[in-house]
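[1] What would the 3D arrangement of this be:
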Amino acid sequence: MSDVRLIPYKVEKRFRTMSNVPRGIEMVEAPAFWNEAGKGSGHVTAVIDTGISLNHPDLEDRIVGGRNFSQDDGGGPDSYDDYNGHGTHVAGTIAAAENGSGVIGVAPEAKLLSLKALDQNGGGSMQSVVDAIDYAVDWEGADGERVRVICMSLGGPEDIPELHEAVKRAVSERIAVVVAAGNEGDGNLDTDEFAYPGAYNEVIQVGAVNFQGELTEFTNTNDEIDLVAPGHNILSTYLDGGYSELSGTSMAAPHVAGAMVLLLHWAEEGFGRRISEAEMYAQLIRRTTPLGHPLTAEGNGLLTLGLVERIAAWTGEQPAAP
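    Numbering: from 1, shown residues only. Reported below is the predicted structural model:
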């Protein structure tokens with residue numbers, strides 16, 4: 001089976017200490033939705049990446065387990081710490097804890113399952129990714145928790161049947177699979193760029209915009225883009241207990257993964273039952289705002305979690321129940 005790598009990304013700045021809500025979290029309006037969504041409490045997102053830094057103060061209490069599928073440093077299955085930084089950055093955007101210092105994630109009370117499929121250089125095999133997806137589907141926590149969201153900021157140029165089957169199995173088990181679109185964009189909106197698994201119809205493929213709502217120069221465009229989120233100069237957790245600003249569609253995808261956790265909590269509280277992946281997706285798309293870019297670039301638009309409540313305030317009506 002072919003190799004897979006991190007979607008290329010750029011390290012903009014590194015910081016030793018930090019204490020604020022990142023601009024990306026504000027841009028997708030996560031704080032406006034925290035009360036209704038319980039900050040994602042109790043729900044598990046599997047981060048399939050380079051691992052997660054196990055001793056980062058903003059993440060250590062959010063991690064509920066993990067497994068190593070890579071060959072990083074010859075470590076065994078229980079060696080799922082992060083020696084690259086990418087997976088830690090992704091994890092922080094999803095669920096960095098609200099602890100009075102550091103940064104805060106989209107769903108700061110969600111749980112994280114660290115599935116390390118890529119090594120410290122950001123490379124690995126597609127079989128490792130397939131194995132990680134299957135593990136996420138079958139995983140059950142000590143309190144009966146199940147994975148409900150998978151986040152993958154990785155990709156390869158080939159359509160691998162085994163990868164596609166793993167994705168379809170996850171979706172059939174009520175798991176939303178959120179994937180970065182890729183950073184091979186050429187600036188020409190008339191051409192398509194595809195990376196897998198992002199290009200599969202079954203996943204939620206996320207492109208990147210900057211804080212002004214403009215398309216980033218690197219974001220892939222194609223007819224399977226579902227929505228966009230902030231992906232330029234994104235502040236989040238990093239190695240050695242620090243913080244960093246990174247750029248790439250890798251940084252956009254975890255905003256959406258965290259949002260899926262919030263929406264899942266809100267919808268299942270409202271319905272009083274478990275909901276399907278299709279129902280999760282429908283609730284997500286209700287909370288997107290078109291930016292005026294072609295559909296192949298922005299899909300349904302920018303993730304805006306407070307949109308439904310804001311419209312209700314304009315009309316003077318209560319938001320419809322899920």
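[2] Residue 238 and residue 108, how far apart?
    Counting by C-beta to C-beta, to the nearest Å, the gap from residue 238 to residue 108 is 17 Å. (C-beta placed from N, C-alpha, C; glycine too.)
[3] Reduced to three states, what does residue 171 come out as?
    Recorded secondary structure, residue 171: helix (DSSP: H, G, I helix; E, B strand; the rest coil).
[4] That one: neighbour count?
    23 (other C-beta atoms under 10 Å).
[5] what about the helices in the stretch 201-322 of the chain?
    Shown for the stretch 201-322 of the chain, the helices assigned by DSSP state H, counting those that start in this stretch span residues 249-271, 277-286, 295-298, 307-315.
[6] Point out the most buried one among those helices.
    With neighbours defined as mean count of other C-beta atoms under 10 Å, the helices of the stretch 201-322 of the chain peak in mean count at helix 249-271, which reaches a mean of 26.
[7] Quick check: buried residues in stretch 200-213?
    Neighbour counts over stretch 200-213 (16 or more other C-beta atoms under 10 Å) mark 200, 202-210, 213 as buried.
[8] Show the end-to-end separation of stretch 225-242, please.
    32 Å (C-alpha to C-alpha, to the nearest Å).
[9] Repeat that for stretch 150-161.
    19 Å.
[10] Check the average confidence over that stretch, would you?
    For stretch 150-161, mean pLDDT is 94.
[11] do the same with stretch 307-320
    Stretch 307-320 shows an average pLDDT of 63 in the prediction.
[12] re the thing from before, in strands, which of the buried residues of stretch 200-213 fall?
    Among the buried residues of stretch 200-213, DSSP state E puts 204-209 in strands.
[13] Turn the residues you listed into a markdown table, columns for pLDDT and distance to residue 282.
    Formatted as a markdown table, these follow (pLDDT from 0 to 100; distance: C-beta to C-beta, whole Å):
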| residue | pLDDT | distance to residue 282 |
| --- | --- | --- |
| 204 | 98 | 12 |
| 205 | 98 | 16 |
| 206 | 98 | 17 |
| 207 | 97 | 20 |
| 208 | 97 | 23 |
| 209 | 97 | 22 |
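[14] nearest to residue 265, of the residues you listed?
    residue 204 (17.2 Å; C-beta to C-beta).
[15] tell me which residues form a beta bridge with that closest one?
    Residues in a beta bridge with residue 204, per DSSP bridges, are residue 178.
[16] That one contacts residue 179, doesn't it?
    Yes: between residue 204 and residue 179 there is a contact at 6.9 Å, judged by C-beta atoms under 8 Å.
[17] Any idea what residue 45 is bridged to?
    residue 112, residue 149.
[18] Can you give me the pLDDT of the residue nearest the centre of the chain?
    The chain has residue 254 as the residue nearest its centroid, 2.3 Å off, counting by C-alpha atoms, centre = their mean. pLDDT recorded at residue 254 is 98.
[19] any idea what sits nearest residue 307, other than its immediate chain neighbours?
    Leaving aside its sequence neighbours, residue 307 sits nearest to residue 287 (C-beta to C-beta, 6 or more residues apart in numbering; 4.8 Å).
[20] my guess is that neighbour contacts residue 266, does it?
    No: counting by C-beta under 8 Å, residue 266 is not a contact partner of residue 287; they are 10.3 Å apart.
[21] Quick check: the gap between the closest residue to residue 157 other than its chain neighbours and residue 180.
    Leaving aside its sequence neighbours, residue 157 sits nearest to residue 195 (C-beta to C-beta, 6+ apart; 6.7 Å). Distance check for residue 195 against residue 180: by C-beta to C-beta, it reads 8 Å.
[22] swap in residue 294?
    Residue 294 is 19 Å from residue 180, by C-beta to C-beta.
[23] With neighbour numbers in mind, choose between the two.
    The neighbour comparison of residue 294 against residue 180 (other C-beta under 10 Å) goes to residue 180, with 33 against 12.
[24] isn't the more buried one right up against residue 255?
    No: the criterion here is C-beta under 8 Å, and residue 180 misses it with residue 255 at 10.7 Å.
[25] Mutual contacts of those two, please.
    Residues touching both residue 180 and residue 255 by C-beta atoms under 8 Å, 6 or more residues apart in numbering: residue 206.
[26] The stretch 1-150 of the chain: helices as residue ranges?
    23-27, 34-37, 86-95, 126-138.
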